[in-house]
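*Asks:* structure for this input, please:
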Amino acid sequence: MNRRNALKLGVSAMAGLYLSPLLGQSNILNTPAFKGPFEPSWDSLEKYQVPDWFRDAKFGMWAHWGPQCEPEAGDWYGRGMYEEGSRQYKFHVEKYGHPSQFGFKDVINVWKADKWNPEELVNLYKDSGAKYFMAMANHHDNLDLYDSKYQPDWNSTKIGPKKDIIAGWEKAARKAGLPFAVSVHAAHAWNWYDTSQGADKNGPLAGVSYDGKLTKEDGKGTWWEGLDPQDLYVQNHELSAKPSGDSSVHSQWDWGDGASIPTPEYCEKFHDRTIDLIDKYNPDMIYFDDTALPLWPVSDAGLRIAAYMYNKSLQKNNRVQAVITGKILDEQQRKAMVWDIEKGQSNTIEPLPWQTDTCIGNWHYDRRIYNDKRYKSAKTVIHTLVDVVSKNGNLMLNIPVRGDGSIDELELEIVKEIGVWMKLNSKSIYGTRPWKIFGEGPQQASAGALTAQGFNEGKGKPYTSEDIRFAQKDKTLYATVMAWPENGVAVIKSLAKSSSYHTEKIRQVKLVSTGQKLKFIQTERGLEVYFPNQKPEASYANALEIV
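*Replies:* Presented below is the predicted three-dimensional model:
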């Protein structure tokens, strides 16, 4: 029995205890306006169909930005800063002080976002080819980045920047004519923050508790007087069975493997916060950083959120135009929502639309990656995009934003270079659908298998001019040659005379980037396409239009 099925059996009794009392409990859920055909069950949600706007868009950009970007020290800072001896702990002690005296709540307080210009960034991303934009609404650090009715003290309008971050992003996206998406990660704060309950085991402050258990009564005379840190940290509970280190929190992502199970009150608060987000900002898409839906299978809160969003979209648009993504989905769940693969891609054409999300650096801004010039190149991004599109997927690309709200000059250069390729070749991307096969060539044999929620990107061999990726639109076939053929000839074996894939006569082959008609010969070996002497810009992926 695999762990996933064991988990379902292991928590079934617990789920039974949680689900029934919660059904219909939220006042927001009972708003008559958004009752409809979708009910909070997988059997009901599997009737969902992915809207064409998402299928056609193919490429989105994401600002995975919040207070954890303020230190510029990488991912999961709000957890890592409480892990004694870790890189982030050492960084934190040196920059801010000991986490018993300066915790993550204090990092939020010094985050000001004073150089943030959402319109400028969204326009940059649109100009570089993004067809939808996503902003982070909250992370595992549990700070809502919007005017949050149900997280009234710990949100970005009250502390830190004192700005409605989501309102700013939404306004910019709507003005640019882009569908607006939000990412929601806060369901996991319950266990993610468990390191904040700890204390040093060594050194002069050994045994002195970090600030994760502080309460409202402890705030007298501090900047946070009157606020309750437990509304942020939610650590008034027993630790998970394996509370320390990333490995345990990863293995417990689906609330199994000894995870501390959140209370019904916690689940309902998360539900209400998310419904509030949907109602105030009307996102076209929600990305959930969860196995399936948030808090599943110990609560039906995520199911209720999904049903609410689909019903609301149906009433507004006469058909469901909303998109919800989740990770590690079974066959039924992939019908109910869009499967998201983190930092990886499928190795086959998927029968249903899906999305990969990845980043040119770390998810949260990391100064080391800038200093060491370790960002993904535009070439790598484009190769990923072309491969993903050939397999019925979309690419969501995060450009890490600095704490002050700006991106650095290296990132700007990469984004602009992506735009160069997209302007020349995007007709081979937007609005396409998979062909009979996704591609050919040696690279696919070296591709890594998916592990957990993804994580197989970059494990294959580099692409060569023998690697081809296909997509189609109307009666046009697009074949993208994944490197410039230095001998001047690209051979597409799948289009050989005797190929069963393409039986119609080929009348014309054009280089999409320039519109130039190319000489070709169809032989038993393949379709031989003769490339020009002059390379176009961004010639690391060369789309051919085959009629």
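
*Asks:* report the central residue of this protein.
*Replies:* Nearest residue to the geometric centre of the chain (Cα atoms, centre = their mean): residue 357, 4.4 Å.

*Asks:* close enough to count as contact, that one and residue 394?
*Replies:* No: assessed by Cβ atoms under 8 Å, residue 357 is found out of contact with residue 394, at 9.2 Å. For every residue, glycine as well, the C-beta is placed using N, CA and C.

*Asks:* if we can go back for a sec, wait, a strand at the residue nearest to the centre of the chain?
*Replies:* Yes: under the criterion used here (DSSP: H, G, I helix; E, B strand; the rest coil), residue 357 sits inside a strand.

*Asks:* so what's it closest to, chain neighbours aside?
*Replies:* residue 396 (4.3 Å; Cβ to Cβ, 6 or more residues apart in numbering).

*Asks:* any idea how far the one you found lies from residue 131?
*Replies:* As judged by Cβ to Cβ, to the nearest Å, residue 396 and residue 131 stand 11 Å apart.

*Asks:* which residues are in contact with each of these two?
*Replies:* Counting by Cβ atoms under 8 Å, 6 or more residues apart in numbering, the residues touching both residue 396 and residue 131 are residue 60.

*Asks:* more neighbours: which of those two?
*Replies:* A count of neighbours by other Cβ atoms under 10 Å puts residue 396 above the other of residue 396 and residue 131, at 27 against 23.

*Asks:* check which helices and strands the helix or strand hosting the more buried one sits against.
*Replies:* Under the criterion of DSSP states H and E, residue 396 resides in strand 393-398. Contact here means 3 or more Cβ pairs under 8 Å, 6 or more residues apart in numbering; DSSP states H and E; on that basis strand 393-398 packs against helix 52-57, strand 59-63, strand 354-359, helix 378-390.

*Asks:* mind checking these for the one nearest to residue 199?
*Replies:* Comparison of the helices and strands packed on strand 393-398 against residue 199 by Cβ to Cβ identifies strand 354-359 as nearest, at 32.9 Å.

*Asks:* CA atoms of that closest one as PDB?
*Replies:* The C-alpha trace of strand 354-359 is given here as PDB (Å, rounded to 0.1, in the frame of the first residue of the first chain):
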ATOM      1  CA  TRP A 354      -2.000  21.500 -16.300                       C
ATOM      2  CA  GLN A 355       0.500  24.000 -15.200                       C
ATOM      3  CA  THR A 356       4.100  24.000 -14.100                       C
ATOM      4  CA  ASP A 357       5.300  26.700 -11.700                       C
ATOM      5  CA  THR A 358       9.000  27.600 -11.500                       C
ATOM      6  CA  CYS A 359      11.300  30.500 -10.700                       C
END
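
*Asks:* in its sheet, what does that strand sit against?
*Replies:* Using DSSP bridges, strand 354-359 pairs in its sheet with strand 338-342 (parallel), strand 393-398 (parallel).

*Asks:* buried ones in that strand?
*Replies:* Across strand 354-359, burial judged by 16 or more other Cβ atoms under 10 Å covers 354, 355, 356, 357, 358, 359.

*Asks:* one more: stretch 300-312?
*Replies:* In stretch 300-312, counting by 16+ other Cβ under 10 Å, buried: 300-312.

*Asks:* mean confidence score for it?
*Replies:* Here stretch 300-312 scores 98 as its mean pLDDT.

*Asks:* all strands for the stretch 1-150 of the chain, in order.
*Replies:* 59-63, 132-138 (DSSP state E, counting those that start in this stretch).

*Asks:* deepest of the ones you listed, which one?
*Replies:* Neighbour counts (mean count of other Cβ atoms under 10 Å) averaged over each of the strands of the stretch 1-150 of the chain peak at strand 132-138, with a mean of 27.

*Asks:* counting by contacts, list what it packs against.
*Replies:* helix 52-57, strand 59-63, helix 118-127, helix 165-176, strand 180-184, strand 285-291.

*Asks:* re the thing from before, inside helices: which ones of the buried residues of stretch 300-312?
*Replies:* Among these, DSSP state H puts 301, 302, 303, 304, 305, 306, 307, 308, 309, 310, 311, 312 in helices.

*Asks:* in this structure the last one contacts residue 278, no?
*Replies:* Yes: Residue 312 is within contact range of residue 278, at 6.9 Å (criterion: Cβ under 8 Å).

*Asks:* dump the helices and strands packed on strand 132-138 to a markdown table, plus mean pLDDT.
*Replies:* A markdown table is the format used below for these (pLDDT from 0 to 100):
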| stretch | mean pLDDT |
| --- | --- |
| helix 52-57 | 98 |
| strand 59-63 | 98 |
| helix 118-127 | 98 |
| helix 165-176 | 98 |
| strand 180-184 | 99 |
| strand 285-291 | 98 |
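
*Asks:* give me the pLDDT for residue 455.
*Replies:* Listed pLDDT for residue 455 reads 69.

*Asks:* residue ranges with poor pLDDT in the stretch 301-450 of the chain?
*Replies:* 450 (pLDDT under 70).

*Asks:* mind doing that once more with 80?
*Replies:* Counting by pLDDT under 80, the stretch 301-450 of the chain has low-confidence residues at 446-450.

*Asks:* hey, where'd the helices end up in the stretch 151-300 of the chain?
*Replies:* In the stretch 151-300 of the chain, the helices defined using DSSP state H, counting those that start in this stretch lie at 165-176, 189-192, 230-233, 246-251, 264-281.

*Asks:* go through the first one and flag the buried ones.
*Replies:* In this case it means helix 165-176. In helix 165-176, counting by 16+ other Cβ under 10 Å, buried: 165, 166, 167, 168, 169, 170, 171, 172, 173, 176.

*Asks:* if we can go back for a sec, just give me the closest of the buried residues of stretch 300-312 to residue 535.
*Replies:* Among the buried residues of stretch 300-312, and counting by Cβ to Cβ, the member closest to residue 535 is residue 309, at 46.2 Å.
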